[in-house]
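K.L.:
What shape does this take:
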Amino acid sequence: MLRASTVYNKQDGVLTVPSDVRSVSWTPAAPPGSPPALTISLADVTNLQTTLPTSKNISIKVFVQRPSASEPETFVFKFTSPTAAREEFNPIKDKLTDALAKLKAASAPVAKPKDASAAVATASPAAPAAVDEPVYQDSRLLSDHVLQESLLKSDPSLNQRFQQALKDKPETISLTQFTRVFWASRVHLLRAHAVERSQSQGDVNVISNIKPRYDESGALKLNVTKEQFQLLFKQHPIVRRLYDDSVPRLPEQTFWEKFFRSRLFRHLRGEKTDEVSLEYDHDFDKYIAIDEEAERVRQTVQAHVPLFIDLEGNEQNHSQRKGNGPDREMRQRHNATMRVCNAISEKMMAHITPADGDTHAPIGMDEETFNQLQLQDLQRDAEDNRILLKIRDQKEFFAGKGSEKSAEAALYSRQSPRKVLAKLRRDVELRTSTDTDFDLQEAIGVHSDSDSDDEDGAPNKQPRIGSKSGLKAATASMLSTIAQRRSLHADEGSSPSGTFATLQATSFGLSQDVADTLAATHNTTVEFLHYFWTVFLSGDPSQAADIQGLVESLNKSLDRIKAVAESADVERRLLLEARRKQIEDYYNRTGKRQRFDPKTIGGGATVVDQMMAPTVRAIGEASRQYRKAFEEQMAQAQAQAAQG
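P.N.:
Down below sits the predicted model:
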């Protein structure tokens, strides 16, 4: 059993840790022989924090989450032994830290499937993660099936893609293999979803959100929930103390009416309390001085703050020219709003466990952070310990292939500059001696008076660069490319991460049903292609049956694409018949024949084939590579059999 002299809530006492380390108890020193006033079960402890080893004040902070409480509690014990405070502190800290680590390791949950119908949860049991394994490491994310199921529930499009691919997968591929390959290319989505789930909303300044209202008779109307009352008591312990001292001596309704009319309420909200219109209530407003005294004590016993990051140092910052006038707005004793905001923020943050540090790390700044924040402007420059290399002849580094003349440079070096200039002059000479201007359009073959029809009727030949036909063809090609890219990526910005852009059915003349079926077919085919190349390039002979099943699935994907094209063609024929019937009815009514071009009706098998052409080529390439490898393996096996 370990015992130490400590102070808890400004009272001297003894902190006791039994040999089995199942609980921690604190017993007040006065009166002698008192029973333990506080007992903390180790199972309820969530975190421990201690002061720095170099700190003069030795204390330990225990975070407790009781099953019956909605919010965690904190208990701070300050070791007060004048001669052996550090000797009493170290054994207690080590014993509690080891016991808490063993308890957490023994109670670590293992992810198990909750529903047999959930494909992700039934893939495989989760492997226990290493102690030093990062939370967002790929292996841990791929084994967290609960996280994967949560992501599928939050992303309907990804869930639809997963279910469709799972439905069409070959029978030779197990569910474990399928889920492993499916999530291997979506680790970034799992990591982002894990970060999103780990975030939680912090506490708000509840006293600023409580706005008491009074009816015509002056009676108080409260619209405060139970959670807000609990948060108010946690952020402002002085209110809980006042409540315990006043209720049930005062009815609860009367208590809250007097509280919201008191100066204490204004004080906690950061408002002025010296207004004449506010009546002084001795039973309530006397707690203002108690709250301020508790704040002064807390500021006195708080951890030491280095001077170079201590904002209170602005109080003593005197400029040589203007004194401390320029920093007036930075001195909190002259700015009541800043002082109140800082006090409220500190109260809200005091109950929050840091999430970016070690669970059992000591309280305060570590040495590495201190060295980074330390001002080093006035320190001497570090000595240069680099080794100087002295090169005898630097020209040798520039000699080699680069120093030799290239074949083109050698050709130009053999030409005579005079002959080259003469040739250039002849190229730009005027056709007639009477012309005084040089016509660039004529030089490059552009004839403004020519007719485009003449060029269309001319024999097919390569157009000259800069000619009217060449410019026209280039413009048409660019506009066609821009229109095609715009139609393909018009809605890409609104598509969910990790999925393909939403298919715009109206842009291609397809109905929404056909477009959705085509998108699902495309997604499933791409998944099978990913899986095929992963297995095919692995070189694992044991997965030969899986490759054969994947090739069969890819061939079935071609059949599914063909079926979608046929349904699109049937849909287009129905639209054509409906349009022709409208034209016929119009002719029967008016006697006028409307012109109709069938090309104005989009959709059909042509559009589907055009959109799925890259996917079909990818399937063909995968099948070709598989047949080639299969034939090579068969030929090698036959050769070995012949030799044997």
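
K.L.:
just the strands in this structure please.
P.N.:
Using DSSP state E, the strands of the chain run over 2-8, 11-17, 23-28, 38-41, 45-50, 59-64, 73-79, 213-214, 220-221.

K.L.:
quick one: average pLDDT of the fifth one?
P.N.:
Over the span of strand 45-50, the pLDDT mean works out to 84.

K.L.:
Same question for the fourth one.
P.N.:
Averaged across strand 38-41, pLDDT comes to 85.

K.L.:
Relative to it, what are the paired strands and their orientations?
P.N.:
Here strand 38-41 has these sheet partners by DSSP bridges: strand 23-28 (antiparallel).

K.L.:
ok, residues contacting the strand it pairs with?
P.N.:
6, 8, 11-17, 34-42, 45, 62, 77, 96 (Cβ atoms under 8 Å, 6 or more residues apart in numbering). Heads up, the C-betas are built off the backbone N, CA and C, glycines and all.

K.L.:
That one to strand 2-8, inter-axis angle?
P.N.:
Interaxial angle of strand 23-28 relative to strand 2-8 (axes from the mean of the first three to the mean of the last three Cα atoms, to 10 degrees): 60 degrees.

K.L.:
got the angle for strand 23-28 vs strand 73-79?
P.N.:
Strand 23-28 and strand 73-79 are oriented at 60 degrees to each other (the same axes, to 10 degrees).

K.L.:
rewinding a little: export the strands of the chain to a markdown table and tack on distance to Thr254?
P.N.:
A markdown table is the format used below for the strands of the chain (distance: least, Cβ to Cβ, whole Å):
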| stretch | distance to Thr254 |
| --- | --- |
| strand 2-8 | 33 |
| strand 11-17 | 32 |
| strand 23-28 | 34 |
| strand 38-41 | 32 |
| strand 45-50 | 38 |
| strand 59-64 | 33 |
| strand 73-79 | 29 |
| strand 213-214 | 14 |
| strand 220-221 | 9 |
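
K.L.:
pretty sure Asp12 contacts Thr80?
P.N.:
Yes - checked against Cβ atoms under 8 Å, the pair Asp12 and Thr80 is within contact range at 6.9 Å.

K.L.:
Quick check: can you list the domain ranges of this protein?
P.N.:
With domains defined by automatic domain parsing, the chain comprises 2-106, 141-198, 206-303+331-349, 463-491, 505-643.

K.L.:
follow-up on the earlier one: Asp12 and Thr80: who's more crowded?
P.N.:
Thr80 (16 against 13; other Cβ atoms under 10 Å).

K.L.:
Just to check, the more buried one is in contact with Val7?
P.N.:
Yes - counting by Cβ under 8 Å, Thr80 does reach Val7; the two are 5.3 Å apart.

K.L.:
Of all the strands of the chain, which one is nearest Phe284?
P.N.:
strand 220-221 (14.4 Å; Cβ to Cβ).

K.L.:
hmm, who's touching that closest one?
P.N.:
212-215, 253, 256-257, 260.

K.L.:
Pairing partners for that strand, with directions?
P.N.:
By DSSP bridges, strand 220-221 pairs with strand 213-214 (antiparallel).

K.L.:
Quick check: mean pLDDT of the partner strand?
P.N.:
The pLDDT scores in strand 213-214 average 76.

K.L.:
which residues are in contact with that strand?
P.N.:
Contacts for strand 213-214 (Cβ under 8 Å, 6+ apart): 220-221, 223.

K.L.:
go on, stretch 636-644?
P.N.:
Nothing outside stretch 636-644 qualifies as a contact, by Cβ under 8 Å, 6+ apart.

K.L.:
Buried ones in that stretch, by neighbour count?
P.N.:
Across stretch 636-644, burial judged by 16 or more other Cβ atoms under 10 Å covers no residue at all.

K.L.:
Could you report the separation of the residue nearest to Gln235 when sequence neighbours are not counted from Asp569?
P.N.:
Among residues not flanking Gln235 along the chain, Lys347 sits closest, at 5.2 Å (Cβ to Cβ, 6 or more residues apart in numbering). Separation of Lys347 from Asp569 (Cβ to Cβ, to the nearest Å) stands at 71 Å.

K.L.:
re earlier: Gln376 is nearest to which of the domains of the chain?
P.N.:
Taking those one by one with Cβ to Cβ, domain 2-106 is closest: 20.7 Å.

K.L.:
Once you drop chain neighbours, what's closest to Val224?
P.N.:
Closest to Val224 by Cβ to Cβ, 6+ apart is Ile210, at 5.9 Å.

K.L.:
That neighbour: what's it in contact with?
P.N.:
Per Cβ under 8 Å, 6+ apart, neighbours of Ile210: 224, 228, 232, 260.

K.L.:
Among the contacts of strand 213-214, which one sits closest to Thr54?
P.N.:
The closest of the contacts of strand 213-214 to Thr54 turns out to be Asn223 (Cβ to Cβ; 50.5 Å).

K.L.:
Phi and psi next, for that closest one.
P.N.:
phi -120, psi 60 (degrees, to the nearest 10).

K.L.:
how much distance is there from stretch 8-28 to the middle of the chain?
P.N.:
43 Å (Cα atoms, centre = their mean, to the nearest Å).

K.L.:
Just the endpoints, please. Distance across that stretch?
P.N.:
9 Å (Cα to Cα, to the nearest Å).

K.L.:
what mean pLDDT does it have?
P.N.:
Average pLDDT, stretch 8-28: 86.

K.L.:
now do stretch 78-96
P.N.:
85.

K.L.:
Using CSV, list the CA coordinates for that stretch.
P.N.:
Only the C-alpha atoms of stretch 78-96 are listed here, as CSV (Å, rounded to 0.1, in the frame of the first residue of the first chain):
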residue,chain,number,x,y,z
LYS,A,78,-1.1,18.2,-4.8
PHE,A,79,1.8,16.4,-3.0
THR,A,80,2.8,18.5,0.0
SER,A,81,5.4,16.6,1.9
PRO,A,82,8.2,19.1,2.6
THR,A,83,11.0,16.5,2.4
ALA,A,84,9.8,13.5,0.4
ALA,A,85,7.2,14.8,-2.0
ARG,A,86,9.0,13.5,-5.1
GLU,A,87,9.7,10.2,-3.4
GLU,A,88,6.0,9.7,-2.6
PHE,A,89,4.9,10.9,-6.0
ASN,A,90,7.0,8.7,-8.3
PRO,A,91,5.9,5.2,-7.0
ILE,A,92,2.2,6.3,-7.0
LYS,A,93,2.5,7.6,-10.6
ASP,A,94,4.3,4.5,-11.9
LYS,A,95,1.9,2.1,-10.2
LEU,A,96,-1.2,3.9,-11.5
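
K.L.:
Name the surrounding residues that touch it.
P.N.:
By Cβ under 8 Å, 6+ apart, stretch 78-96 touches 2-8, 12, 15, 17, 21, 24, 42, 45, 48, 50, 57-60, 301.

K.L.:
switch to 6 Å and redo it
P.N.:
2, 4-7, 17, 21, 50, 58-59 (Cβ atoms under 6 Å, 6 or more residues apart in numbering).

K.L.:
Neighbour-wise, which one of those residues leads?
P.N.:
Thr6 (27 neighbours).

K.L.:
Contacts only, for that one.
P.N.:
By Cβ under 6 Å, 6+ apart, the neighbours of Thr6 are 15, 77, 79.

K.L.:
can you list those residues in CSV and add distance to Ala165?
P.N.:
Formatted as CSV, these follow (distance: Cβ to Cβ, whole Å):
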residue, distance to Ala165
Leu15, 59
Phe77, 57
Phe79, 61
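
K.L.:
so which of those comes closest to Ser157?
P.N.:
Closest to Ser157 out of those is Phe77 (53.5 Å), distances taken as Cβ to Cβ.

K.L.:
Let me know whether the closest one touches Leu15 as I believe.
P.N.:
Yes - using Cβ atoms under 6 Å, Phe77 makes contact with Leu15 at a distance of 5.4 Å.

K.L.:
Good, we can wrap up now.
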